[in-house]
Every structure is written in C-alpha cells, then in structure tokens.
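Peer 1: Build me a structure from this.
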Amino acid sequence: MLTAVVGATTNLIVAFYRESLPIAWQTFTYAKAESLQRDGATVLFFGNPTYHPGGQLVRQRLDESPLRLASHRHVFVPLMRTYPNWNDPEIRNVWKRFGHTKRPVMLIFKPDGSIAQLEPLDTKAIEQQFTAQSPIPIIPSLAWGVTIVAFIAWRHSRNHKTEPKNAHERRIRVC
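Peer 2: Residues are numbered from 1 along each chain as shown. Take a look at the predicted model:
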C-alpha cells in the first residue's frame, strides 16, 4: 500500500511540474495543421508577427492561462509561426484563406473539418474554446483526493491490526 501512495504522489508531482511549464509550441505549416486535423486532432494556430507589440503579450497570456494545462493534457495541438515580415510563405498561405492582417492571427482547426478564426487579443474567448470541453481544474483535485484516501487507508491498516499488540503475553497469563 505504501508503494501505491508513493507512486501516486510521485506521478502527481511530475504532472504538476509538467503542467507548470509554458505551452510547447510547435512550428506551423498549413500542411501539418490540415494533416493533424484529418487525424482527428484539434489544432490551435497562433500567427505571431515580431513587429506587432501585442504578439508577445498574447503569447505570455496564453502561457499563463488554463490553456497551458489543456495543451499539456493534449486537448489540442499548439502550432505557432513567428514571422518578421510579410514574405513568409506559410503566413501568405493563411492570408489567402482568411484575409490579410498586420495583427496576430489565431485559428482553431477542428476535427470536423471546420476552421474558426478567433480574436487573438481576447485570451478569455480562446480559453473558453478549450476549457469547456476539458475537466482541467477537476483532475488535480481528484488526484490529491485519491492520494489522501490511500494514505489514510494505509495508516488505518497499520494502526488496527487483527491481533492486539500484546496477544502473546495475554495467552501466557491465561494458561
């Protein structure tokens, strides 16, 4: 039982550490996003122009939000393209489909084949797209609860053995 408690606690600590890290953004290509979408994954694309001051702010907000937890729990695949100018072919590909903008771009490639464009500076709306479908705050609470119950059960089994501590002495006195 002690091994189970130690194992559960270790797994919980590792999970909390992993989930405290920022979002692990992968490099975006339109082909990669479409491939992941066809495979049934939800993809969050963030087009981050280096010349726009809001781009870094959006990335920082996303890395500090509940979206970080959803990304580490594989609710979506985070893809980002940081580009210094308008000559990037992948960004031009996005603009052909969704219109040209000098601001950051945020798209969700959904498994049903649809693509939704979001306002990148509204991080709360982006969070709601993913946290509504994922029990993000519940999981750590359940894990702590299971760990505590397992520990209490283990302590209870150690303190309440089937025989009294001085059973041998009692048998000798009775005889």
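Peer 1: In three-state terms, how would Pro78 be classified?
Peer 2: Three-state call for Pro78 (DSSP: H, G, I helix; E, B strand; the rest coil): strand.
Peer 1: wait, what's in contact with it?
Peer 2: By CB atoms under 8 Å, 6 or more residues apart in numbering, the residues touching Pro78 are 23-26, 44, 46, 71. From N, CA and C alone the C-beta is placed, and that goes for glycine too.
Peer 1: All the strands of the chain, in order from the start?
Peer 2: Per DSSP state E, the chain carries strands over the ranges 26-27, 43-49, 77-83, 105-109, 115-118.
Peer 1: Can you check which of those gets nearest to Asp63?
Peer 2: Closest to Asp63 of the strands of the chain is strand 77-83 (CB to CB; 10.0 Å).
Peer 1: Show the average pLDDT along the closest one.
Peer 2: For strand 77-83, mean pLDDT is 93.
Peer 1: Okay, now the unreliable bits of the protein?
Peer 2: Along the chain, segments meeting pLDDT under 70 span 1-20, 131-175.
Peer 1: Next, format the contacts of Pro78 as CSV and append distance to Phe130 and neighbour count.
Peer 2: Compiled in CSV, those are given as follows (distance: CB to CB, whole Å; neighbours: other CB atoms under 10 Å):
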residue, distance to Phe130, neighbour count
Ile23, 11, 21
Ala24, 15, 11
Trp25, 15, 20
Gln26, 16, 13
Leu44, 8, 25
Phe46, 13, 23
Ser71, 8, 23
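Peer 1: and which of the residues you listed is nearest to Ser114?
Peer 2: Distance to Ser114, by CB to CB, is smallest for Leu44 among those, at 13.9 Å.
Peer 1: is it true that that closest one touches Val105?
Peer 2: No - using CB atoms under 8 Å, Leu44 is not in contact with Val105; the gap is 11.4 Å.
Peer 1: Pull up the overlap in contacts between the two.
Peer 2: Shared contacts of Leu44 and Val105 (CB under 8 Å, 6+ apart): none.
Peer 1: Just name the most buried of the strands of the chain.
Peer 2: The highest mean neighbour count among those, using mean count of other CB atoms under 10 Å, belongs to strand 43-49: a mean of 23.
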